[in-house]
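> The following comprises the amino acid sequence and a computationally predicted model.
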Amino acid sequence: DAGVIQSPRHEVTEMGQEVTLRCKPISGHDYLFWYRQTMMRGLELLIYFNNNVPIDDSGMPEDRFSAKMPNASFSTLKIQPSEPRDSAVYFCASSLGQGYSNQPQHFGDGTRLSIL
Amino acid sequence: AQSVTQLGSHVSVSEGALVLLRCNYSSSVPPYLFWYVQYPNQGLQLLLKYTSAATLVKGINGFEAEFKKSETSFHLTKPSAHMSDAAEYFCAVSDGGTGRRALTFGSGTRLQVQP
């Protein structure tokens, strides 16, 4: 089975540019999560979706960040304009929905973002 | 609100020695607890999960964890460390019963295995 697929794996861009990160969840999973990992703050939840609908976006840092899930097999996280402090590894994860919140989340390999 | 504390950001053991990585949680409702492992330049991989069926949980690669409600702990152990166990380990909690799916992660423990 294919796991969670993220692209690109690495992104280097200049401050002020728009950045788009992409994620394909595991087929059949109806929850999708975006996390950010930094040395200073560890792993932080940014937003999560259920059946393509955003459920909790309280972790999104500011209006420069936006996330969409137009269908069950694709999600994007966009930063516009980007700033050096956005440099981090961004992870996408997905999980099944049945039962309570004991379903494990399956992570992609992440996108390492560097804003110069 | 829920939280996770991992004691020790770095742990070093000799190959063949016992591995003990500590995790304490805080949750207002019965928690679901997870341990994940992260190898360099990779995503997180599930090691094991506690979901109230049994207090001693066995995971992959010989790891296990014991849920102790009285101590609010979920420590990860492995009887004999292998060089391939060198990685970063994260404990995570989600609210059991509230339906909220997000995980709260600890700050991680980097395990070093000495030959």
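Looks like it came in fine.
> Might you list the low-confidence residue ranges for chain A?
A:1, A:98-101 (pLDDT under 70).
> Tell me the residue of it that sits nearest chain B?
Going by CB to the nearest CB, chain B is nearest to A:Phe107 of chain A, at 3.5 Å. No exception for glycine: its C-beta is placed from N, CA and C like everyone else's.
> Might one say that B:Val19 is in contact with B:His75?
No. B:Val19 is beyond contact range of B:His75, at 10.2 Å (criterion: CB atoms under 8 Å).
> How about the contacts made by the residue in chain B positioned nearest to chain A?
Here the residue of chain B nearest chain A is B:Gly43; by CB to the nearest CB that distance is 3.5 Å. Contacts of B:Gly43 were listed using CB atoms under 8 Å, 6 or more residues apart in numbering or on different chains, and they are A:Val4, A:Phe91, A:Ala93, A:Phe107, A:Gly108, A:Asp109, A:Gly110.
> Most widely separated two among those residues?
For those, with distances taken as CB to CB, the pair at the greatest spread is A:Ala93 and A:Asp109 (11.2 Å).
> If you count surrounding residues, which of those two has more?
A:Ala93 (25 against 18; other CB atoms under 10 Å in any protein chain shown).
> do you know how far the more buried one is from A:Gly110?
The spacing between A:Ala93 and A:Gly110, counted by CB to CB, to the nearest Å, is 10 Å.
> just A:Ile55 next, same as before
Using CB to CB, we find A:Ile55 at a distance of 22 Å from A:Gly110.
> In terms of neighbours, single out the busier of those two.
Counted by other CB under 10 Å, A:Ile55 and A:Gly110 do not tie: A:Gly110 has more neighbours, with 24 against 16.
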